[in-house]
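Student: Next input, structure requested:
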Amino acid sequence: MHTALYRTKRPRTFTDVVGQKHIIRALSNQISTGNTSHAYLFCGTRGTGKTSIARIMARAINCQNPADGSPCNTCESCLGILAERNLNVVEIDAASNNGVENIRDLREEVKYQPTQGRYKVYIIDEVHMLSTSAFNALLKTLEEPPPHVVFILATTDSQKLPATILSRCQRYDFRRIAVTDMVSTLKKYLEEAGVAYEDSALDYIAYHSDGAMRDALSLLDQSMSLGGDKLTYHQVLDMLGAVDRSRLFDFTRALAAADSAAIMQVIDQAMDGGRDASQFVADLIRHFRDVLVAGLVSDPNAVDFSAEIAEKLRAQGQQVSAAKLMEYIHVFSETLREMRFAPHARTALEVCALKICVPKTEAPLSPTPIERPAAPPPPTASKPLPPPAAVLSDVTPEILDRIVESWDSICFTFRNPMQSQCLQCGLENNDGRLEVIVSTEAMRSILKPKEATIREIIAEKFGLSTPPNLAFVVREGYNKPKVKPPEVKNRFEPRPDLEQQTIPADWVTASEPVESAPESVESTKAPETVETALPEVPDDWATGDAVAVEMVDETTEDSWDAFGEIVEDGV
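Tutor: As a prediction, the model looks like this:
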């Protein structure tokens, strides 16, 4: 079965690694001097060499014949690790082994000495996928591991790692691989395979890989499977469903000139060639970005392209303003997001492009204004409006007096803080006008906005059709007496003690009706009260201990018998 190109071309020594010279230098020096750390953290995007360097380092620190910090790949230890039969190098996928149980097993394994070589190396890939409990279980082992253990953690999202993990590791950030470095590496691989190529094809593969060497090798492997004597630029475009870069320049030029016909022609050419509309928009956004950077930055290395393409980008950046390019990036980014749910992606692309051209060819579309009926003419001066009534018919002086008397109860209907504020004020009826008396101007400014609420409560309480008018008067030093809130009867008062209750004599029901006695002096006396007699205590209770009993009326003989059994049991 065919082995993927990125697997067969995986680096085996530090010198084979592409684009990470700052990391290679540091690790090689540590291995050569024997000053390796117990924990490393490799951070970076996909395809930048994190796992490859981790494997190279695992072989180097166990190699019997290292050369300049790199493994020899010929000794027994290196060959065992390459063949994946050496138990001293353990690779763990944290995405599928992210539980605390897996970390507990790891903590038990690190106690044992390596079977071959000097170190046991644990490579934990995608370490940010570990759970919180797993991170906590790993802390102590990561901080103070046995002297024969080395941890290498790799992640594409270092922000998800706890600070306690970051502080226990030596961190190395992997950079995206430059297009020029990627193209030179691809050329070397094709020359080794004896395959002819076009430089523009390799440039586009490296550009589309977005700094990931693994993606570039996968695209190159896929392009070589198309067959033919030579790897051409159009073969790469057909494989990716992308648009020729010359059409991106033409589209940008037509968009800046607001040439609707030229824009539609470019879109037709791209779609008729079987290109994907979403991929075309994505390429446009990246092209706008490259033109913007090339036009604003004078550094020739600002855009990672060949000299020919960089010069074209710089020339177009001088022709199109930066404001337009920023607008294009924003508008087409929104369109790309909408195209995921649009039934026709091409229509969304065409509408987006023509919308940019509309303000420059014709007036923008706007809705037709709604005709509203004309307002009625104002009343003539010959018929003046009648003055408003001064006093309403249902607001009588008697009603005003009742309102003044009930002012405190009205105040208790409000909620705090308005209740306490109104209770500090008084209310007076001054010749048919209600005046709220306040002591300071500050209190007047607080209550004046609440006038409508006070009037509505008064009208509702007294059944008035229209609330009475209020006036707020300031009297310096006014001090209203404190008013107690209305008492509320407590429904949970304790009952009197049953022992202290007496039963009137006339409550005792007689067997026969009592005849009325003749009137005399004695009959005028108050009825005598009699206490209820308690039943006799049985004689056999004398042997028990004395027990204090709170007796109640209507005690039955069955109750006495039950109580006697309790006393006999010694309670």
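Student: got the domain boundaries for the protein?
Tutor: Domain segmentation of the chain under automatic domain parsing yields 5-173, 179-240, 245-361, 397-474.
Student: so how far is the third one from its chain's centroid?
Tutor: Between the centre of domain 245-361 and the centre of its host chain there is 34 Å, according to C-alpha atoms, centre = their mean, to the nearest Å.
Student: cool, the longest one as well?
Tutor: A distance of 33 Å separates the centroid of the chain from that of domain 5-173, by C-alpha atoms, centre = their mean.
Student: Span of that domain from start to end?
Tutor: Distance across domain 5-173, first residue to last, is 25 Å (C-alpha to C-alpha, to the nearest Å).
Student: What mean pLDDT does that domain get?
Tutor: In this model, domain 5-173 has an average pLDDT of 88.
Student: rewinding a little: distance to K480 and mean neighbour count added to the domains of the chain, as TSV?
Tutor: For glycine as for every other residue, the C-beta is placed from the backbone atoms N, C-alpha and C. Below are the domains of the chain laid out as TSV (distance: least, C-beta to C-beta, whole Å; neighbours: other C-beta atoms under 10 Å):
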stretch	distance to K480	mean neighbour count
domain 5-173	62	18
domain 179-240	79	18
domain 245-361	65	17
domain 397-474	5	15
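Student: Is V121 in a helix, a strand, or coil?
Tutor: Three-state call for V121 (DSSP: H, G, I helix; E, B strand; the rest coil): strand.
Student: distance of the closest residue to it other than its chain neighbours from Y119?
Tutor: Computed as C-beta to C-beta, 6 or more residues apart in numbering, the closest residue to V121 that is not its neighbour in sequence is A58, at 4.0 Å. For A58, the distance to Y119 equals 8 Å [C-beta to C-beta, to the nearest Å].
Student: Determine the residues that are contacts of both of these two.
Tutor: Taking C-beta atoms under 8 Å, 6 or more residues apart in numbering as the criterion, A58 and Y119 both touch V150.
Student: returning to that earlier point: shouldn't the residue nearest to V121 be in contact with E91?
Tutor: No: with contact taken as C-beta atoms under 8 Å, A58 and E91 are classed as non-touching, separated by 9.1 Å.
Student: which neighbours do these two share?
Tutor: Joint contacts of A58 and E91 (C-beta under 8 Å, 6+ apart) are I123.
Student: residue contacts, the residue positioned nearest the centre of the chain?
Tutor: Nearest residue to the geometric centre of the chain (C-alpha atoms, centre = their mean): K160, 14.5 Å. Applying C-beta under 8 Å, 6+ apart to K160 gives the contacts H128.
Student: leaving aside the residues next to it on the chain, what's closest to I329?
Tutor: Per C-beta to C-beta, 6+ apart, closest to I329 is F288, 5.0 Å.
Student: Just the CA trace of the helix or strand containing the one you found, in PDB.
Tutor: If you go by DSSP states H and E, F288 is part of helix 277-296. The C-alpha trace of helix 277-296 is given here as PDB (Å, rounded to 0.1, in the frame of the first residue of the first chain):
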ATOM      1  CA  ALA A 277     -17.700  29.900  -5.700                       C
ATOM      2  CA  SER A 278     -16.700  29.700  -2.000                       C
ATOM      3  CA  GLN A 279     -13.100  28.900  -2.900                       C
ATOM      4  CA  PHE A 280     -13.100  31.900  -5.300                       C
ATOM      5  CA  VAL A 281     -14.300  34.300  -2.600                       C
ATOM      6  CA  ALA A 282     -11.800  32.900  -0.100                       C
ATOM      7  CA  ASP A 283      -9.000  33.500  -2.700                       C
ATOM      8  CA  LEU A 284     -10.200  37.000  -3.300                       C
ATOM      9  CA  ILE A 285     -10.100  37.900   0.400                       C
ATOM     10  CA  ARG A 286      -6.500  36.700   0.700                       C
ATOM     11  CA  HIS A 287      -5.600  38.500  -2.500                       C
ATOM     12  CA  PHE A 288      -7.100  41.800  -1.200                       C
ATOM     13  CA  ARG A 289      -5.000  41.300   1.900                       C
ATOM     14  CA  ASP A 290      -1.800  40.700   0.000                       C
ATOM     15  CA  VAL A 291      -2.400  43.800  -2.200                       C
ATOM     16  CA  LEU A 292      -3.100  45.900   0.900                       C
ATOM     17  CA  VAL A 293       0.100  44.900   2.600                       C
ATOM     18  CA  ALA A 294       2.200  45.200  -0.500                       C
ATOM     19  CA  GLY A 295       0.900  48.700  -1.200                       C
ATOM     20  CA  LEU A 296       1.400  50.000   2.400                       C
END
